[in-house]
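Colleague: Provided below are the primary sequence and the corresponding predicted coordinates.
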Amino acid sequence: MNHRLLRHLFRGRRFRLITIAALAAVALLAFFLWPRPYLEAKDMAWERIQRDGRMLVGMDASYPPFEFVNGEGTLMGYDVDLARRIGELLGVEVHFVSVGRDGFYDALAARKVDIIVSALPYDASQTQDVLYSPEYFDAGQVLLVREDEARIKDSGDLDGTKVGVELGSAAHMEMAYRARRSDIQLVFYASPEEAMQALLDGEVDAAVADSVAAYGFQQRQGGTQKAGESLTQEAYVMAVHIDSFILSAKVNEALSELSQEGFLKSLNATWF
Amino acid sequence: MESLPLKLRSALPNWTLRTYLRRALELVLLVFLLHWIALPYHPIVRLGEQQSVTTLNPEIGVHTRLTDEVEEWKAKKTLQMVREMGAPWIVEYFPWAYHEPSKGQYGWEHSDQVVAHAQVQGLTLVARIDFVPEWARPEDTTFRYLDEDHYQDFGDFVYAFCERYRGQIGYLVIWNEPNLSFEWGYRSPEPESYVKLLQVAYRRAKEANPDIRILAAGLAPTVADHQDGADMSDLEYLQRMYDAGAKDHFDMMAIHSYGWRWPFDDPPSPDRINFRRAELIRDLMVKNGDGDKRCIITEGGWNDHPRWIFAVSPYDRIQNTIGAYQLAKDWDWCDAFCVWAFRYPRSEHTFKDYFTLVTPDFVQKPIYDEILRYAHGQEPLYQKIWAESAP
């Protein structure tokens, strides 16, 4: 081929226009012809829920106050109320299915349940098999001070203080780690309640406990407040099958609504 | 060079053939070097010098979980921490399917590492074998399913295992909690069939190593009534084992002894699951003329999850665990109490994490520190608190 002719074509404005038009045509063709399985994907769980009018909720009733069976054999707890309320918003009944805690993900995979609502900690290693909701509760360790505490605003202000913890607990481990880098004296108690009572009694300057124990103590006793952000995070989430994208979206929407209307805070007040 | 086109010749450097060959060799070496650098880093893990365990209670043990621990340095560190804590005994799991993925084809690399490191750390290793490979069971069955048609295959593996680790492993537990339907492949528990399995395993193990001690499987402590083919009480199961002639086919008894919400010294009772249920197992052995056989508690302990209904407080867990170690030492028929579990390779994100003594990141939990103090004769912290808070 004539080299000068080629060079003339490649430089021309007309060539650039032709090239752009050709690329656009190819892209358009690819868009319409390329396989798009996600557009034809089905959410089997959501289809079944709509067909049956009920949602199967997997739960292990061995975690009071989140889920437990009372003396009369009635299933109760934070997650029970949460699941029922979500069911109301979705316009379906909720049917609880007893599943052992180490069988949660198998139950979802085998489609024995539609959703797990059971004080389930977020586990990144499971995200290839399930879709998680946003966190609805953080069960991590929190720092507590007296209501009239002026100096300690967060964990960075603990130098030179005495901090009460339950011996052997996750709070103990967290504060032992921090005490290696700061001048913090740990004082040990036999329970988180004793540690928090010691805070009220002035034996210690602060106390660390998990948020459930902290909420409960505050509800019953008062006189304490949380200082700063949680020291550790343990996010409780709900989980659905990885293919349940519609159910996941609907649950997340319902959760957001419940959070905004204060329902989650009311559950704290009821159960802790 | 003269045969190449003029343009190409003018583009090439003016090298001799020897220079071209040298440059080519340098290029090849450079490619190998870059490839080697780009390879994943595998640190060399040395066994180190022979160690011994210092402890005031030679019956302290733990159940390690190195089965799925991929990195050798983590296995070594785990066993090192066990030794430093003052525990001479470990129980470890060696899944059959991992070691014999197809009949007669064995892979021993991982278990070789674990066994070697355990030996160098001065630990006595109790091995547990089960986990059926796919080729030894029908389709759509679980890895707990082993039928009598394949008992000889299991026996062959037991032979290979005992032969390989002769002189290194002196204790072998055959199967796990066969009184549970799940552990028996979702079938109704069959003590009589288990005894046949034990018979085959015992014979083959002794052929490979006459000195090895075979332990009958630890039974799950349960008061289940075996209705509708479900789980069977450990006491009923053990008696039926003896009725089926088990006595001549094992040397020691493995016992599982969990405390759940009861203190370590809570009295034993057939309708209660507590630590001293181990004494009921022992009583059955004596009743069936096996009083001269010794026992190892291969699993047991307490859980301190803040919310699980079968857990106790961390404080009580420490007190009960140390109390149980002392009680096991006082039992003249018990060689060791191995707490479940020392450490998991990764978090389970469930209450199970609260059985461990060390986190997956090797952070020592306070209970580890307390056991270490106990094993070395130091006053545990919890006793100080107990004394100070007493009225």
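Modeller: Yep, that arrived. This structure is a prediction, so every number in the text was calculated from the model and none was measured.
Colleague: taking chain A, what residue is nearest to chain B?
Modeller: A:G168 (3.0 Å; CB to the nearest CB). Heads up, the C-betas are built off the backbone N, CA and C, glycines and all.
Colleague: tell me, how many residues neighbour that residue?
Modeller: Close neighbours of A:G168, defined as other CB atoms under 10 Å in any protein chain shown, add up to 25.
Colleague: pretty sure it contacts B:R317?
Modeller: Yes. Using CB atoms under 8 Å, A:G168 makes contact with B:R317 at a distance of 6.7 Å.
Colleague: give me the common contacts of these two.
Modeller: Here A:G168 and B:R317 have B:D304, B:I367 as joint contacts, going by CB atoms under 8 Å, 6 or more residues apart in numbering or on different chains.
Colleague: rewinding a little: contacts only, for the residue of chain A closest to chain B.
Modeller: Contacts here follow CB under 8 Å, 6+ apart; on that basis A:G168 touches B:D304, B:S313, B:P314, B:Y315, B:R317, B:I318, B:K365, B:P366, B:I367, B:E370, B:Y382.
Colleague: so how far is B:D271 from the last one?
Modeller: The reference is to B:Y382. 30 Å (CB to CB, to the nearest Å).
Colleague: can you name the residues of chain A that neighbour chain B?
Modeller: Counting by CB under 8 Å from any CB of the partner chain, the residues of chain A lying close to chain B are A:62-66, A:68, A:101-102, A:119, A:121-123, A:125, A:166-170, A:172-173, A:176-177, A:188-191, A:194, A:210, A:212-213.
Colleague: next up, phi/psi of B:G300, please.
Modeller: phi 170, psi -180 (degrees, to the nearest 10).
Colleague: show me what contacts B:F362?
Modeller: Residues near B:F362 by CB under 8 Å, 6+ apart: B:K74, B:K77, B:T78, B:M81, B:R343.
Colleague: from what I see, the third one and B:V62 are in contact.
Modeller: So the one you mean is B:T78. No. Using CB under 8 Å, B:T78 is not in contact with B:V62, being 9.5 Å away.
Colleague: shared neighbours of the two, anything?
Modeller: Taking CB under 8 Å, 6+ apart as the criterion, B:T78 and B:V62 both touch B:F342.
Colleague: helix or strand right after the lengthiest helix in chain B?
Modeller: Taking DSSP state H as the criterion, chain B has its longest helix at helix B:17-38. Beyond helix B:17-38 on the C-terminal side, the first helix or strand identified by DSSP states H and E is strand B:60-63.
Colleague: so after that following strand, what's the next helix or strand?
Modeller: helix B:72-85.
Colleague: identify the residues contacting that following helix?
Modeller: By CB under 8 Å, 6+ apart, the list of residues contacting helix B:72-85 from outside reads B:43, B:45, B:47-48, B:51, B:53, B:60, B:62, B:64, B:66, B:69, B:90, B:113-114, B:117-118, B:121-123, B:342-343, B:345, B:357-358, B:362, B:364, B:368, B:371-372, B:375.
Colleague: low-confidence stretches in the chain?
Modeller: Looking at chain A here, since you left the chain open. Within chain A, the ranges that satisfy pLDDT under 70 run A:1-11, A:35-40.
Colleague: you looked at the wrong chain, it should be chain B
Modeller: Across chain B (using pLDDT under 70), the flagged ranges come out as B:1-13, B:39-43, B:383-391.
Colleague: nearest residue to the residue in it that chain A sits nearest to in space, please, no chain neighbours.
Modeller: Among the residues of chain B, B:P314 lies closest to chain A, at 3.0 Å counting by CB to the nearest CB. Once flanking residues are discounted, B:P314 sits nearest to A:G168: 3.0 Å by CB to CB, 6 or more residues apart in numbering or on different chains.
Colleague: where does the one you found sit: helix, strand or coil?
Modeller: Using DSSP: H, G, I helix; E, B strand; the rest coil, the structure places A:G168 in coil.
Colleague: surely B:P58 meets B:A87?
Modeller: No. Counting by CB under 8 Å, B:P58 does not reach B:A87; the two are 9.6 Å apart.
Colleague: quick one, which of these two is more surrounded?
Modeller: Between B:P58 and B:A87, counting by other CB under 10 Å, B:A87 is the more crowded of the two (31 against 16).
Colleague: quick check, the more buried one in contact with B:T64.
Modeller: No. At 9.7 Å, B:A87 does not count as touching B:T64 under the criterion of CB under 8 Å.
Colleague: flag every residue of the stretch 251-391 of chain B that's near chain A.
Modeller: B:304, B:306-310, B:313-315, B:317-318, B:346-352, B:363, B:365-367, B:370, B:381-382, B:385-386, B:389.
Colleague: how about the strands in chain A?
Modeller: Assigned by DSSP state E, the strands in chain A fall at A:54-59, A:68-69, A:75-76, A:93-98, A:115-121, A:130-132, A:137-138, A:141-146, A:161-166, A:184-189, A:206-210, A:224-226, A:235-241.
Colleague: just the buried ones from the residues of the stretch 251-391 of chain B next to chain A, in ChimeraX syntax?
Modeller: Listed next is the ChimeraX selection for buried residues among those, using 16 or more other CB atoms under 10 Å in any protein chain shown:
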select /B:304,306,307,308,313,314,315,317,318,348,349,350,351,352,365,366,367,370,381,382,385
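Colleague: which residue packs closest to A:A269, ignoring adjacent ones?
Modeller: Nearest in space to A:A269, with sequence neighbours left out and distances taken as CB to CB, 6+ apart, is A:Q219 at 6.7 Å.
Colleague: isn't the one you found up against A:F272?
Modeller: Yes. Counting by CB under 8 Å, A:F272 is a contact partner of A:Q219 at 5.9 Å.
Colleague: more neighbours: which of these two?
Modeller: Taking neighbours as other CB under 10 Å, A:Q219 and A:F272 compare with A:F272 leading, 17 against 13.
Colleague: can you map out the helices along chain A?
Modeller: Taking DSSP H to define them, one finds helices in chain A at A:3-11, A:13-33, A:37-40, A:44-52, A:78-90, A:104-109, A:170-179, A:192-200, A:211-220, A:245-260, A:263-271.
Colleague: let me have those helices in a markdown table, extended by distance to B:F161.
Modeller: Shown next, in a markdown table, are the helices of chain A (distance: least, CB to CB, whole Å):
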| stretch | distance to B:F161 |
| --- | --- |
| helix A:3-11 | 72 |
| helix A:13-33 | 57 |
| helix A:37-40 | 47 |
| helix A:44-52 | 44 |
| helix A:78-90 | 45 |
| helix A:104-109 | 30 |
| helix A:170-179 | 38 |
| helix A:192-200 | 47 |
| helix A:211-220 | 46 |
| helix A:245-260 | 46 |
| helix A:263-271 | 51 |
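Colleague: what does the longest helix of chain B rub up against?
Modeller: With CB under 8 Å, 6+ apart as the test, helix B:17-38 has contacts from B:W15.
Colleague: how about that helix as PDB, C-alpha atoms only?
Modeller: C-alpha atoms of helix B:17-38 as PDB (Å, rounded to 0.1, in the frame of the first residue of the first chain):
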ATOM      1  CA  LEU B  17      28.800 -14.100  18.700                       C
ATOM      2  CA  ARG B  18      30.400 -14.700  22.100                       C
ATOM      3  CA  THR B  19      29.100 -11.400  23.300                       C
ATOM      4  CA  TYR B  20      25.600 -12.200  22.100                       C
ATOM      5  CA  LEU B  21      25.700 -15.600  23.900                       C
ATOM      6  CA  ARG B  22      26.900 -13.900  27.100                       C
ATOM      7  CA  ARG B  23      24.200 -11.300  27.000                       C
ATOM      8  CA  ALA B  24      21.600 -13.900  26.400                       C
ATOM      9  CA  LEU B  25      22.800 -15.900  29.400                       C
ATOM     10  CA  GLU B  26      22.700 -12.800  31.500                       C
ATOM     11  CA  LEU B  27      19.100 -12.100  30.400                       C
ATOM     12  CA  VAL B  28      18.000 -15.600  31.200                       C
ATOM     13  CA  LEU B  29      19.600 -15.300  34.700                       C
ATOM     14  CA  LEU B  30      17.900 -12.000  35.200                       C
ATOM     15  CA  VAL B  31      14.600 -13.500  34.300                       C
ATOM     16  CA  PHE B  32      15.100 -16.300  36.900                       C
ATOM     17  CA  LEU B  33      16.200 -13.800  39.500                       C
ATOM     18  CA  LEU B  34      13.100 -11.700  39.000                       C
ATOM     19  CA  HIS B  35      10.900 -14.700  39.000                       C
ATOM     20  CA  TRP B  36      12.400 -15.900  42.300                       C
ATOM     21  CA  ILE B  37      12.000 -12.500  43.900                       C
ATOM     22  CA  ALA B  38       8.400 -12.400  42.800                       C
END
